[in-house]
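Q: Mind folding the following:
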Amino acid sequence: MSRADLGPQRIVCLTEETTEWLYLLGQQHRIVGISGYTVRPPQARHEKPRVSAFLNAKIDKILALRPDHVFGFSDLQADIAAALIRAGVAVTVFNQRSVGEIMAMLWQVAALVGCAEPGQRWLAAVQAQHDAMRRAVQQRLAAGARRPRVYFEEWDDPPITAIRWVSELIEIAGGQDIFPELAQRPLGRERVIADAHEVVRRAPDLIIGSWCGKKFRSERVAARDGWQQVPAVRDGQLHEIKSADILQPGPAALTDGVAQLHRLVLAWMDRAAGASAATPPDGGQPGLAPGEHSDA
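A: Sure thing, here's the model as predicted:
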């Protein structure tokens, strides 16, 4: 009997990140049911029955699939998990909130399906990509650039700022989250910005919207009272990252989500450095580009 044979064979994934991960591991044949919010990978919606939302699930439909394991996420799915446990189903509910916890969750799922080694290789490759991002940022900092201040908004009414893993990904990408103290709070209601003018006072250089389940409207953000003086609004630096790419605590956030953040941060740093070089202080010479040397 192989290690794979010892793991669960009929899995229901109540959120997207475990579905995406099992597909990446080549273990999609084990999945018998998925969340209705799943968009990654796109073929999952065509291949697997949808049996849950996020806060509720079709318990009878799940049981009819005869799962031998169900994967869920967060305390918000505790009632679903309890109902399934009472029905005799093995349930694992992860509660990953940081980049490190996401990686730990992915390794655990990989181990459960007999794929610990390929899972570890994938995680090592992701870590190497993050390290390369940090090096690219450090090169620019050494050349005199600065990190952009970033306001990340995951909901607009009321405005809710970045959860912990997003805040950490902003740092990996090279930015500075302007609300790091709120990022430590796990619940969305704890990350509500009570006074929208606090964003104005913290003066973000980049505004990134990822409104869960709906399109980010940059023009609405730019029109908020008093926000016209925010550097990001003044300079047209309002961008969207799709929630499926960054607000799911799984493979997407560690790859596509942080890559999009990184591109935005580097573009801002390079643009800011170019503007500074083109406008020499006190009538002096423009600053030297990395690698150039003065003949003076």
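Q: Moving C-terminal from the helix or strand hosting Glu219, which element do we reach first?
A: Glu219 is located in helix 218-222, with elements delineated by DSSP states H and E. On the C-terminal side of helix 218-222, the nearest following helix or strand under DSSP H and E is helix 231-234.
Q: So which elements touch that next one?
A: strand 206-209 (3 or more Cβ pairs under 8 Å, 6 or more residues apart in numbering; DSSP states H and E). (Glycine included, C-beta is placed from N, CA and C.)
Q: Run through who's touching the strand it packs on.
A: 148-153, 156, 175, 216-218, 221, 230, 232-233, 237-241, 261, 264-265, 268 (Cβ atoms under 8 Å, 6 or more residues apart in numbering).
Q: just to revisit the earlier point, now the helix holding Glu219: mean pLDDT?
A: Taken as a whole, helix 218-222 has an average pLDDT of 97.
Q: which residues touch it?
A: Applying Cβ under 8 Å, 6+ apart, the set of residues contacting helix 218-222 is Glu153, Asp156, Ile207, Gly209, Trp227, Gln228, Val233, Leu238, His239, Glu240.
Q: Relative to the whole chain's centre, how far out is that helix?
A: In terms of Cα atoms, centre = their mean, to the nearest Å, the centre of helix 218-222 is set 22 Å apart from its chain centre.
Q: Only C-alpha atoms, please: export that helix in CSV.
A: What follows is helix 218-222, C-alpha atoms only, in CSV (Å, rounded to 0.1, in the frame of the first residue of the first chain):
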residue,chain,number,x,y,z
SER,A,218,-11.3,53.6,-8.6
GLU,A,219,-13.3,56.7,-9.5
ARG,A,220,-15.5,56.3,-6.5
VAL,A,221,-12.4,56.1,-4.2
ALA,A,222,-10.8,59.1,-5.9
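Q: What residues of it count as buried?
A: For helix 218-222, burial by neighbour count (16 or more other Cβ atoms under 10 Å) applies to Ser218, Val221, Ala222.
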